[in-house]
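>>> Give me a 3D structure for the following:
(one chain, ligands or ions: 1)
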Amino acid sequence: MRIRIKFCGLTRPGDVRLAAELGVDAVGFVFAARSPRRIEAADAAGLRAAVPPLVDVVALFMDNPGSEVDTAIRALRPTLLQFHGREDDAFCRGFGLPFVKTLAMGGGADDAAMARKRYPSASAFLLDGHRPGEPGGAGARFDWSTIPPLPRPVFLAGGLNAGNVGEAIRIARPYAVDVSSGIESAPGIKDGAKMQQFVEETRRADRNE
Ligand SMILES: O=C(O)c1ccccc1NCC(=O)[C@H](O)[C@H](O)COP(=O)(O)O
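Got it, this is the predicted structure:
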């Protein structure tokens, strides 16, 4: 099965258009307060307009109040939500959209294994290398061989780049790979060459080359 690709933390319409041209499956926009990639609801319409059909639009939150989530949903019209903080299952499912729940692997696989039980409504889990309570987008890797069995598709994240995504795929065989800092020249500023190389290396791993 083809490994899906999510580019996260986009802030510029040109980067969104290039991501879609490169064939990524999802683009993520960060509304978390603790992020240098945060976008405002006022920016969302322009970014949304740059996303062509059949590319998932992911709105990402980290313990944002429900009112902020509602405002972001109205502005961005996402197809998928991603919750990165201490949000519980009822909160996450309360907006009527499918959601991905981030599990922090920086505290150890047991944390993630225990956490998954608390999100029966999640459509997928994003496993990231940060420690519990920390923001993502930190380039934090974890041991890809420690992924616990999970009842939902796994998005693998944390410190991925064109140089290591092939190894990560061979070890973890995830449903999707997710990247932010590994395709940037600065936080929120995506680098076209890094984006293209990341897609090429993911496709190469897909072909088991
Ligand atoms: O990307 C951020 O700035 C961010 C801030 C706060 C919470 C989550 C955040 N990103 C979550 C993502 O899904 C990132 O793509 C993921 O952490 C991987 O980031 P990276 O290690 O930089 O590839």
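>>> Show me what the nearest residue to V24 once chain neighbours are set aside bridges to in the sheet.
Nearest non-adjacent residue to V24, counting by C-beta to C-beta, 6 or more residues apart in numbering: I5, 4.4 Å away. The C-beta positions use only the backbone N, C-alpha and C, and glycine is treated the same way. I5 forms beta bridges with V177, as assigned by DSSP bridges.
>>> neighbours around G46, how many?
Per other C-beta atoms under 10 Å, the neighbour tally for G46 reads 12.
>>> if I look at it, how far off is P13?
Here G46 is placed at a distance of 6 Å from P13 (C-beta to C-beta, to the nearest Å).
>>> Show residues contacting the lowest-mean-pLDDT helix or strand in the chain.
Here the helix or strand of the chain ranked lowest by mean pLDDT, DSSP states H and E is helix 109-116, holding a mean of 72. The contact list for helix 109-116 (C-beta atoms under 8 Å, 6 or more residues apart in numbering) reads 101, 103-105, 122, 125, 127, 132, 146-152.
>>> residues contacting L18?
K190, G192, M195.
>>> Out of these, which is nearest to the ligand?
Closest approach to the ligand among these (C-beta to the nearest ligand atom): K190, at 11.3 Å.
>>> hey, what's the closest one bridged with?
E184.
>>> Pretty sure L127 sits in a helix.
No - according to DSSP: H, G, I helix; E, B strand; the rest coil, L127 belongs to no helix; its state is strand.
>>> Next up, the contacts around it.
T102, L103, M105, A112, F142, I147, V154, F155, L156, A157, G158.
>>> what comes up buried for stretch 128-140?
Neighbour counts over stretch 128-140 (16 or more other C-beta atoms under 10 Å) mark D128, G129, H130, E134, P135, G136, G137, A138, G139, A140 as buried.
>>> Contacts for the helix ranked longest in the chain next, please.
The residue-count maximum for a helix in the chain (DSSP state H) belongs to helix 192-206. Helix 192-206 has contacts (C-beta under 8 Å, 6+ apart) with 2-3, 5, 7, 15, 18-19, 22-24, 160-163, 165-166, 169-170, 177, 179, 182-185.
>>> repeat that for 6 Å
Contact partners of helix 192-206, identified using C-beta atoms under 6 Å, 6 or more residues apart in numbering, comprise R2, I3, I5, L18, L22, A162, V165, G166, I169, V179, I183.
>>> repeat for stretch 87-98
Defining contact as C-beta under 6 Å, 6+ apart, one finds that stretch 87-98 is touched by V69, L80, L81, F83, F99, Y119, S121, S123.
>>> circling back: pLDDT for the contacts of helix 192-206 - can I get that in TSV?
Output for the contacts of helix 192-206, formatted as TSV (pLDDT from 0 to 100):
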residue	pLDDT
R2	93
I3	97
I5	98
L18	98
L22	98
A162	98
V165	98
G166	98
I169	97
V179	98
I183	98
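>>> Please indicate which of those residues has the highest neighbour count?
Highest count within the contacts of helix 192-206 by other C-beta under 10 Å belongs to V179, 30 neighbours.
>>> Now do the same contact list for it.
By C-beta under 6 Å, 6+ apart, the neighbours of V179 are L160, F198.
>>> do you know how far D206 is from D128?
Counting by C-beta to C-beta, the separation of D206 from D128 is 22 Å.
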